[in-house]
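Q: Using only what follows, build the 3D model:
(2 chains)
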There are 2 protein chains.
Amino acid sequence: MKNPHLEIERKFLIAKLPRNLDHYPHNEITQGYLALGRSAHVRLRKKGRVCTLTFKRGPARAREEREIHLTAAQFATLWPATKGARLTKTRYYVPHRGLTIEVDIYGGSHGGLIVAEVEFPDLQTYHSFRPPAWLGQEVTGVSDYSNVRLARD
Amino acid sequence: MKNPHLEIERKFLIAKLPRNLDHYPHNEITQGYLALGRSAHVRLRKKGRVCTLTFKRGPARAREEREIHLTAAQFATLWPATKGARLTKTRYYVPHRGLTIEVDIYGGSHGGLIVAEVEFPDLQTYHSFRPPAWLGQEVTGVSDYSNVRLARD
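A: Predicted structure coming up:
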């Protein structure tokens, strides 16, 4: 059974972008970090018009994650505190055998960086996943590609 | 003019509890910490029936503080993440020359610890404050008495 507070995911570089990427659903994401502890952090995110606050703790492969929606007013009060720890990206949702591969194209100071993430509903799906050829090197847990790190650089 | 995001305060031990403390307004506070960075943290608090999420950054005397109200459902989603970093206290609000002295009596593993805090609307009030005789040693910025530290112990 899926644990609603456990996030299981893998992250990859891209060997070759899927054709017609713009034809897939996509949206602009702006996010920033409120507090960065050694093993836990609190993220603010605006995806399209949806604002969220997310707590994450643990290693990249399997993280405790707790998320709430924020009103625009709640978001606006907290957002200034993320100054110096923000990033923007466009996220494309590419379906693949019942899963969704999220392709993130970064903007701002990381303009051009492209990373793909796949989230799994359970450990069985996680272990049986065969990356399609267009995904390149796996970078799960590589700190150079963590959003926390990218937001600070 | 008051900066709405700057918190200026001093903290004291108690030389002698005010008489009839129970006659002053008071409420139960339960709080926990979501993420503890080196200089910033995110706190969840339930005071009576009011739930808040607060970001604080900077030294004890003058801190950046940003706070939002949470619904009971938002609070319930995030609260489990504070496990291992929580504390409870009863707060009494004692008026003093136009200011309010907050007397916190801690429960749980710190049962019996008593600390008083005074928040000032501006630096002038801060500098001109003369503590009443019932306040004892000042412990502003002393980490032994920081709530973050107490929550972790």
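
Q: Now do the strands in chain A.
A: Per DSSP state E, chain A carries strands over the ranges A:6-14, A:26-36, A:40-47, A:50-57, A:62-70, A:86-96, A:99-106, A:114-120, A:135-138.

Q: Skipping adjacent residues, who's closest to the closest residue to chain B within chain A in space?
A: Taking Cβ to the nearest Cβ, chain B has its nearest neighbour within chain A at residue A:35, 3.9 Å off. No exception for glycine: its C-beta is placed from N, CA and C like everyone else's. Nearest residue to residue A:35, sequence neighbours excluded (Cβ to Cβ, 6 or more residues apart in numbering or on different chains): residue B:35, at 3.9 Å.

Q: neighbours around the one you found, how many?
A: 26 (other Cβ atoms under 10 Å in any protein chain shown).

Q: Test for you: state the pLDDT assigned to it.
A: For residue B:35, the pLDDT comes out at 82.

Q: Mind listing the residues bridging to it?
A: Taking DSSP bridges as the rule, residue B:35 bridges to residue B:42.

Q: need the contact list for it.
A: Shown in contact with residue B:35 (Cβ atoms under 8 Å, 6 or more residues apart in numbering or on different chains): A:34-37, A:40-42, A:55, B:41-42.

Q: Make TSV out of those residues and add distance to residue A:27.
A: Shown next, in TSV, are the contacts of residue B:35 (distance: Cβ to Cβ, whole Å):
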residue	distance to residue A:27
A:34	22
A:35	26
A:36	25
A:37	29
A:40	26
A:41	22
A:42	22
A:55	22
B:41	31
B:42	26
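
Q: ChimeraX command to pick out the buried ones of those?
A: The ChimeraX command for the buried members of the contacts of residue B:35 (criterion: 16 or more other Cβ atoms under 10 Å in any protein chain shown) is given here:
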select /A:34,35,36,37,40,41,42,55 /B:41,42
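
Q: tally of neighbours for residue A:138?
A: Count around residue A:138 with other Cβ under 10 Å applied: 13.

Q: how close does the closest residue to it other than its chain neighbours get to residue A:126?
A: In space, residue A:138 comes closest to residue A:12 once its chain neighbours are excluded; the distance is 5.3 Å by Cβ to Cβ, 6+ apart. Residue A:12 is 14 Å from residue A:126, where distance means Cβ to Cβ, to the nearest Å.

Q: which one of the two has more residues nearby?
A: Shown here are residue A:12 and residue A:126; by other Cβ under 10 Å, residue A:12 has more neighbours (22 against 16).
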